[in-house]
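Chemist: coordinates only, no sequence provided:
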Ligand SMILES: Nc1ncnc2c1ncn2[C@@H]1O[C@H](COP(=O)(O)OP(=O)(O)O)[C@@H](O)[C@H]1O
Ligand SMILES: [Mg+2]
């Protein structure tokens, strides 16, 4: 675990306070690539059990924000907290522990092509001590049922549609029993019907498991379905809205325009 009694420098290695109300916090985070400022004094919090949707046009820093949480990118200044601990200066080894409790669902699914759907979902359970074969079967069945992939358990990922593959990837992420889940654009590159279906599945997971979640999307239908809170990124700045309604009724012309365009042209977002 991250909590390591032998750490002497309290300022650098804050001990995790598992009762912290905020599971994630960005505090005045700045990040630039060369001269290009991507995050400009970004601050927001995600409460334990809350689903936060990060919205904004392509290239505003949505994926970059998630990469800071997982330690794949480091802030130039500002602090990032996870589960009560300041992780800003965590080592790579400490971030690999973070990645066990905070799981990212990748767009591509990243499934093992030579393993069946059942084996893919069961994979993270294999090195869990104390789980019997019956436990594993029961848990995989529960996840497969929740994500409506039970008919595909004996198939290989290559035999599945993009949407089904993504549902299997989500089931596998949940099999790790993470404390929090990050979704990066879960509804891009699938047709609108499958996008709506993915949204319904993620909503069902939200209701069934109540995991702290961050969903990065430009898809307003998905955001409306899932968001307890919206963080809107634009020109490096984050504006926080406490609900979808507050976001939708914003009088900011840029947000108004963003909402209108996305409804007219769904799935337009492409990150190069
Ligand atoms: N590793 C990197 N090196 C240089 N620039 C990067 C890197 N990662 C992201 N960027 C730039 O940061 C900006 C935000 O990217 P990203 O967060 O991926 O956008 P999006 O909001 O579409 O997810 C983009 O201009 C992108 O080119
Ligand atoms: Mg992105």
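Modeler: Here it is on my side, so go on. None of the values given here were measured: they were computed from a predicted structure. Ligands and ions are numbered 1, 2, ... in the order given.

Chemist: contact residues of this protein facing ligand 1?
Modeler: 33, 38, 56, 58-64, 271 (C-beta under 6 Å from any ligand atom). All C-beta atoms are positioned from the backbone trio N, CA, C, and that covers glycine.

Chemist: now the strands for the stretch 1-150 of the chain?
Modeler: Taking DSSP state E, counting those that start in this stretch as the test, the strands found in the stretch 1-150 of the chain are 22-33, 36-47, 51-55, 77-82, 85-86, 102-105.

Chemist: rewinding a little: just the buried members of the residues of the chain next to ligand 1?
Modeler: 38, 56, 60-64 (16 or more other C-beta atoms under 10 Å).

Chemist: name the nearest of those residues relative to residue 166.
Modeler: residue 63 (16.6 Å; C-beta to C-beta).

Chemist: would you confirm that residue 238 contacts residue 45?
Modeler: No. The pair residue 238 / residue 45 is not scored as a contact, 11.0 Å apart, by C-beta atoms under 8 Å.

Chemist: looking at the two, which is more packed in?
Modeler: residue 238 (21 against 17; other C-beta atoms under 10 Å).

Chemist: now that one, what are its backbone angles?
Modeler: The phi and psi values for residue 238, taken as degrees, to the nearest 10, are phi -110, psi 130.

Chemist: test my guess that residue 157 contacts residue 110.
Modeler: No. Using C-beta under 8 Å, residue 157 is not in contact with residue 110, being 9.8 Å away.

Chemist: where does the prediction get shaky in the stretch 1-150 of the chain?
Modeler: Flagging of the stretch 1-150 of the chain using pLDDT under 70 yields the residue ranges 1-18, 106-109.

Chemist: residues near residue 159, how many?
Modeler: Residue 159 has 12 nearby residues by other C-beta under 10 Å.

Chemist: ditto for residue 34
Modeler: By other C-beta under 10 Å, 5 other residues sit near residue 34.

Chemist: now it: how far from ligand 2?
Modeler: For residue 34, the distance to ligand 2 (C-beta to the ion, to the nearest Å) stands at 19 Å.

Chemist: again with residue 158
Modeler: Applying C-beta to the ion to residue 158 and ligand 2 gives a distance of 26 Å.

Chemist: OK, contacts around the residue lying closest to that residue once chain neighbours are set aside?
Modeler: Excluding its sequence neighbours, the residue lying closest to residue 158 (C-beta to C-beta, 6 or more residues apart in numbering) is residue 113, at 5.8 Å. Residue 113 makes contact with 156-158, according to C-beta atoms under 8 Å, 6 or more residues apart in numbering.

Chemist: now do residue 164
Modeler: 149, 152.

Chemist: all helices of this structure, in order?
Modeler: 62-70, 92-101, 117-122, 133-146, 162-175, 192-209, 220-226, 244-248, 253-264 (DSSP state H).

Chemist: and the longest one, what does it pack against?
Modeler: For helix 192-209, the elements it packs on are helix 133-146, helix 162-175, helix 220-226, judged by 3 or more C-beta pairs under 8 Å, 6 or more residues apart in numbering; DSSP states H and E.

Chemist: now the shortest one, how far from the chain's geometric center?
Modeler: Between the mean C-alpha point of helix 220-226 and the mean C-alpha point of its chain there is a distance of 14 Å (C-alpha atoms, centre = their mean, to the nearest Å).

Chemist: if we can go back for a sec, so what sits against both of residue 238 and residue 45?
Modeler: Residues touching both residue 238 and residue 45 by C-beta under 8 Å, 6+ apart: residue 26.
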